[in-house]
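Asker: My questions are about this predicted structure, shown below with the sequence.
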Amino acid sequence: MRSIYVRSSEPVARRIYELCREKGITINQLATLSGLPHSTIDSIIKGKSRNPRLTTIKKICDGLGMTISEFLDDPVFKKVED
């Protein structure tokens, strides 16, 4: 089975950061809620992980209590399409 990647990590990082701020949680708390290592989320936020897997984004969404569709339904991703 082929892995699916999101090709632009900057919008993903911005969205994670904004959602954490809105929900009043830290990156460490998100890692715990998502069941991911802090280093994974930190790598996305800092741009070290340029192609986060969809499965990773799904876990982050689960930790944030939202669907992938809700996560991607943001103007930051509309700019990527242009």
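Answerer: Happy to help now that I have it.

Asker: Pass me the low-pLDDT residue ranges in the chain, would you?
Answerer: Within the chain, the ranges that satisfy pLDDT under 70 run 1-8, 79-82.

Asker: just the helices in it please.
Answerer: Using DSSP state H, the helices found in the chain span residues 9-23, 27-34, 38-45, 54-64, 68-72, 75-81.

Asker: which residues are in contact with the second one?
Answerer: Taking CB atoms under 8 Å, 6 or more residues apart in numbering as the criterion, the residues outside helix 27-34 that touch it are 16, 20, 25, 37-38, 40-42, 45, 59-60, 62-64. For glycine as for every other residue, the C-beta is placed from the backbone atoms N, C-alpha and C.

Asker: Buried ones in that helix, by neighbour count?
Answerer: Residues of helix 27-34 classed as buried under the neighbour-count rule (16 or more other CB atoms under 10 Å) are 30-31, 33-34.

Asker: of those, closest to residue 75?
Answerer: Comparing those against residue 75 with CB to CB places residue 30 closest, at 21.4 Å.

Asker: From residue 78, how far out is that closest one?
Answerer: 24 Å (CB to CB, to the nearest Å).

Asker: which residues touch the spatially closest residue to residue 19 that is not a sequence neighbour?
Answerer: Excluding the flanking residues, the one nearest residue 19 by CB to CB, 6 or more residues apart in numbering is residue 64, at 5.4 Å. Counting by CB under 8 Å, 6+ apart, residue 64 touches 19-20, 23, 30, 33-34, 71.

Asker: Can you tell me which of these is nearest residue 51?
Answerer: residue 71 (16.4 Å).

Asker: Confirm for me that the closest one is in contact with residue 61.
Answerer: Yes - using CB atoms under 8 Å, residue 71 is in contact with residue 61, at 4.9 Å.
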